[in-house]
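> Requesting a structural model of the entry that follows:
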Amino acid sequence: MQNNSEQDLGNTQFFKVEIEPETGVKKVLEVVYEALLEKGYNPVNQIVGYIMSGDPTYITSHHGARSLIMKVERDELVEEMLTEYIRANNWARK
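This is a model prediction of the structure:
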């Protein structure tokens, strides 16, 4: 008889990450992008500057964009953008 602290190490366990709601990384990028555009900045240049340096002053505080982007890890921003780029170029395997 196996007690609760022991596990069958012969089986693979699955972990499923739930898709984030609209407040996920994609939504953060959308809000930040729009705020930068509204303020007259080049969103690509500003977001890249933030990702590369970690300096939040690359992002405007307009519409709370700076506070919002700081709640997301920079590697998550890169991951989201790369994922979307791969999808847009049909590189993803089905």
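> quick one: average confidence on the host helix or strand of residue 48?
Assessed by DSSP states H and E, residue 48 sits inside helix 43-53. Average pLDDT, helix 43-53: 98.
> Could you list the low-confidence segments of the chain?
By pLDDT under 70, the low-scoring segments of the chain are 1-8, 14-23, 94.
> cutoff 80 now
The chain contains residues with pLDDT under 80 at 1-23, 92-94.
> got the CA coordinates for the following helix or strand past the helix holding residue 48 in CSV?
Sequence order places helix 65-69 as the next helix or strand after helix 43-53, per DSSP H and E. Output in CSV follows, covering the C-alpha atoms of helix 65-69 (Å, rounded to 0.1, in the frame of the first residue of the first chain):
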residue,chain,number,x,y,z
ALA,A,65,0.9,52.5,-19.5
ARG,A,66,4.1,52.7,-17.5
SER,A,67,2.5,51.1,-14.3
LEU,A,68,0.9,48.5,-16.5
ILE,A,69,4.0,47.4,-18.3
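> Contacts made by helix 65-69 with the rest, please.
28, 31-32, 35-36, 50, 56-57, 59-61, 77 (Cβ atoms under 8 Å, 6 or more residues apart in numbering). For the C-beta atoms, the positions are set from N, CA and C on the backbone; glycine is no exception.
> Nothing else from me, thank you.
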